[in-house]
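S.K.: pasting the structure only:
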């Protein structure tokens, strides 16, 4: 598995609940192989420095952002049976602990309503700005880790 070289002097050990996308899937869609798994491990280890560096790579690469957001949508759909309304509309009270980004909600709505296949998802991510992809990636990671930490109650605490 390829890894993005970081300016840090440490390695994050996998302790994952969810299996990240496979290298074959990432290669097939032109994503940076192993970046989603590497980022997931950094988030689980609460390493802000690595998260920041890796998220910058994701924001600049529509294919990798598409892999990450698609993975979060898949995990969420499998856990709830569908994408919850909060991810499609983003309508939640202002003091709610989980606030999905507008960018993530727009991708999730397309994923849900249009049944976007991988090619459509990556094309949709390609039309977003780097900042929008960053926001979508941050929400995707928050979902994946939140479901791991809190289970199905995560989005509705």
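M.R.: Great, that's in hand. Computed from a predicted structure; not experimentally measured. Numbers count the residues shown, from 1 in each chain.
S.K.: Is there a neighbour count for the residue lying closest to residue 130 once chain neighbours are set aside? I'd like the number.
M.R.: If the residues on either side of it in the chain are set aside, residue 130 comes closest to residue 59, at 4.5 Å by CB to CB, 6 or more residues apart in numbering. The way it works is simple: take the backbone N, C-alpha and C, and place the C-beta from them, glycine included. Residue 59 has 21 neighbours, counted by other CB atoms under 10 Å.
S.K.: From residue 35, how far out is residue 59?
M.R.: Distance from residue 59 to residue 35, counting by CB to CB, to the nearest Å: 11 Å.
S.K.: ditto for residue 68
M.R.: Per CB to CB, residue 68 is found 8 Å from residue 35.
S.K.: Overlap of the contact sets of these two?
M.R.: By CB atoms under 8 Å, 6 or more residues apart in numbering, residue 68 and residue 35 have these common neighbours: residue 58.
S.K.: quick one: the strands in the chain?
M.R.: Here the chain has no strands by DSSP state E.
S.K.: Taking the centroid of it, which residue is nearest it?
M.R.: The structure's the chain has its C-alpha centroid closest to residue 140; by CA atoms, centre = their mean the separation is 3.1 Å.
S.K.: So the residue nearest to it when sequence neighbours are not counted versus residue 141, what's the distance?
M.R.: Spatial nearest neighbour of residue 140, excluding adjacent residues (CB to CB, 6+ apart): residue 72 at 3.6 Å. Noted for residue 72: a distance of 8 Å to residue 141, by CB to CB.
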